[in-house]
Structure formats: C-alpha cells, structure tokens
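*Asks:* need a structure here:
(one chain, ligands or ions: 2)
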Amino acid sequence: MPLDGVKKIVLVLSGKGGVGKSSVTLQLALALSLQGKSVGILDIDLTGPSIPRLVGKENEKITQSPRGWIPVEVHPTELAANQEESSSATPRGSLRCMSVGFLLRDRGDAVIWRGPKKTAMVRQFLTDVYWGETDYLLIDTPPGTSDEHISIGESLLTMASTSSTTATSQNIPHLAGAVLVTTPQAVATSDVRKEINFCAKTRIPVLGVIENMSGYTCPCCGEVSNIFSRGGGEVMATEMGVPFLGRVPIDIKFGQLVESQKIEGDIDSDADEEMEVDQAATQQSLVEEDNRLLVDKYRDCWSLPIFEGFTKSLLEKVESSASQT
Ligand SMILES: Nc1ncnc2c1ncn2[C@@H]1O[C@H](COP(=O)(O)OP(=O)(O)OP(=O)(O)O)[C@@H](O)[C@H]1O
Ligand code: SF4
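*Replies:* Ligands and ions are numbered 1, 2, ... in the order given. The predicted model follows:
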C-alpha cells in the first residue's frame, strides 16, 4: 500500500521562494530524529530540489527494490546528540530522503516539465517510494500554490477515498497538517496569508507559522540587527488566527555549512531489501560516522537547538490535530 508504515504527514509550505522552507524542513527533521523519531523527507520541489544538497548527498542515486524506490538514508542510527545521555534506552532516530534530485543523471540537469508531468511525478513519489516504518514524513514543497501543491492535495485525497467514500482532506489518514515558513517582512507574510487561505480552502490544518531569518545577533558584540525586520510572522499568524511556533535567527554558520558542502558523504547507499535486514558492520560504521558529521555540523548552528524546542510544540499540535479528526 502507498505510504504504508507512514504514521503522520506534515507539509512544509511558504508563499515566497527562498524564505528557508527546505532549511526548516531539514532542521525539523533532524530535531525530530534527535527525539528518536523515524523521519522521512519528501522533496516535491521538482524544478528546484534543495534537499540533496542540504543533506550533503548530491551525488546519491535512488535504488529500486521489489517494494519500490528506496529513499536515500541519511542517518539510520543512533544520533550523536543522544550520546551524552547514552544508555540502552537511548532513542534511535532515522532520516530518509526522496527528491527528484536523486533521479537526475547530472546534478546540473534542468527539470522543465509541464503540469501533467509534474502531477505524475508527485503521484509516483506518493505511491512508489518504500518508506518503511516512518513516524513523520515531512513534505518540502515549492513556493506558492503550484501544480505540485494541487497534485499532492489531490493524490492524498484520492488515496483516502479508496478507504472511505466520503474522503475530505480532513480525513486523509496520515495528514497532520502544514507548517508555514515566512520571513518577517511584509512582502513574504502577505504571500503566506494566501498560503493559509489555500490551506483553509483545501481544509489542511495549519500546525503553525515559523518566522525564519528573524534578526541577526552579532557573535562579537551581541548587537541584534533586524535585517529583514522582525515580528511580521507573529503578527500575521495572530491576525490569521493560526498558531505561531517561533522565530529562527539568521545563522551565518548554517548558510556556510550548506554552501561549504563539507557534509558530503561517500556512503554507498545501495540499500536493497537484503541490506536493510543484513547491514554489514563496516558499512554501518561508515554510515554512523556520516551521521555524526551531519548532526554535529548542524548542531553547531544556533538554530538546531531552537528547532528542538519547536518540535515539542509541533508534536503537541500534531497529536491534538489527530485527536480532532
Ligand atoms: N536562518 C537562516 N540563516 C542563514 N541562512 C539561512 C537561514 N535559512 C535559510 N538560509 C539560507 O537561505 C537560502 C535559501 O534557503 P532554502 O533553500 O531553505 O529556502 P527555500 O524557501 O526552500 O527556497 P526555494 O524557494 O528555492 O524552495 C539557503 O542558502 C539557506 O542556507
Ligand atoms: S558593533 Fe556592529 S560591526 Fe561591530 S561587531 Fe557589533 S554588529 Fe558587528
């Protein structure tokens, strides 16, 4: 069954491009993993997929198994952050990613597709990827309300209607809701208002708004500069009557990490079915080393600890949204 084993789906949306949707998706995913959850990221930004680069796996390719496409595994094992309190009861998280970027022959290839082809690709992502047991599937979307958004909404609805004759987006079994990302300035928040209206029309619950790039604290003197203004996301959330999850400052280290690509791993992700069950010890230790790199590097930023805070309130909202449906 499509999405079999996926417990909850969270869409990450924004009205405007470049506000940090993919960065927020990744940091939410890492923070959820650090809480021991198994997490998947589905990148449906078909023309500008950023997830492969963010996780340092730009050269990875998707493999096929009898059960479907196997997503690229980023850190399938115990995470570095948990090692401080390491005990036999330490939760184990995992992170797997699927993106059109893993399907391109060359990372510089352009995806120039019309609507129907995009729709087909989004459907295929929902039906043909074998996620296995996954607590949270975060779906990173392109900006605005494009073909991809409509396709994902329709595909989830179609899947729901196979089990119910009265399917609405509110009873899509796995859909917990959407997290909206904005920057503080009016030019971004006004587009996010449209996105909230899109959610209202398609009856997707809004789990909360995150205000990204909200101020910059100088590491030398502590002076706070509100480069893109501050507080616009919170004001907009209050006015629109949706929860505000919090702010993420501009984090120079984060930008540098993404740019530097130092997290590029050289792990052979030839993850066929057999390997899932029977991982060779050497491969496992390579993957563990790779994971530590990814989490350590992002943990070094200011923002990952902030996201660990967000996920707590996000999880509460997901649970309460689940109990209402
Ligand atoms: N809080 C932050 N501090 C510093 N840099 C950031 C922050 N958030 C995002 N960035 C940087 O801003 C750029 C755009 O971020 P990202 O790709 O996540 O945006 P997006 O909204 O997903 O873009 P697109 O519209 O292309 O999908 C990236 O280079 C990222 O590293
Ligand atoms: S005073 Fe201005 S330039 Fe100097 S360290 Fe602080 S923020 Fe940077």
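*Asks:* near ligand 1, which residues of the stretch 151-300 of the chain show up?
*Replies:* Residues of the stretch 151-300 of the chain that fall close to ligand 1, judged by C-beta under 6 Å from any ligand atom: 212-213, 248, 250-251, 254-255, 258. For glycine as for every other residue, the C-beta is placed from the backbone atoms N, C-alpha and C.
*Asks:* neighbours around the residue of the stretch 1-150 of the chain at minimum distance from ligand 2, how many?
*Replies:* Residue nearest to ligand 2 within the stretch 1-150 of the chain: G20 (21.8 Å; C-beta to the nearest ligand atom). By other C-beta atoms under 10 Å, the residues close to G20 number 23.
*Asks:* swap in the one 5 residues further on?
*Replies:* Each residue near T25 was counted by other C-beta under 10 Å, and the total is 27.
*Asks:* Strands of the stretch 51-200 of the chain, start to end?
*Replies:* 63-65, 68-70, 72-73, 94-99, 134-140, 175-182 (DSSP state E, counting those that start in this stretch).
*Asks:* got the phi/psi numbers for the nearest residue to N212 once chain neighbours are set aside?
*Replies:* Spatially, and ignoring its direct neighbours in sequence, N212 is nearest to G20 (3.9 Å; C-beta to C-beta, 6 or more residues apart in numbering). The phi and psi values for G20, taken as degrees, to the nearest 10, are phi 110, psi 30.
*Asks:* Next: P205.
*Replies:* Backbone geometry at P205, expressed as degrees, to the nearest 10, gives phi -60, psi 140.
*Asks:* and the residue nearest to it when sequence neighbours are not counted, what does it touch?
*Replies:* Excluding the flanking residues, the one nearest P205 by C-beta to C-beta, 6+ apart is G177, at 3.6 Å. Applying C-beta atoms under 8 Å, 6 or more residues apart in numbering to G177 gives the contacts 10-11, 199, 204-207, 317-318, 321.
*Asks:* How about G215?
*Replies:* 224-227, 230, 247, 249-250.
*Asks:* Tell me where the model's unsure across the stretch 1-150 of the chain.
*Replies:* 1-2, 75-92, 107-111 (pLDDT under 70).
*Asks:* Tell me the residues of the chain that contact ligand 2?
*Replies:* With C-beta under 6 Å from any ligand atom as the criterion, the chain comes near ligand 2 at residues 218, 220-221, 223.
*Asks:* May I ask which of these has the most neighbours?
*Replies:* C218 (10 neighbours).
*Asks:* Spit out the contact partners of that one.
*Replies:* Neighbour list for C218: 224-225 [criterion: C-beta under 8 Å, 6+ apart].
*Asks:* likewise the one 10 residues further on?
*Replies:* Residues in contact with F228 (C-beta under 8 Å, 6+ apart) are 183-185, 188, 213-214, 250.
*Asks:* tell me the two of those residues that are most distant?
*Replies:* A188 and I250 (13.9 Å; C-beta to C-beta).
*Asks:* out of the two, which sits in the busier spot?
*Replies:* The residue with more neighbours, out of A188 and I250, is A188; 26 against 20, by other C-beta under 10 Å.
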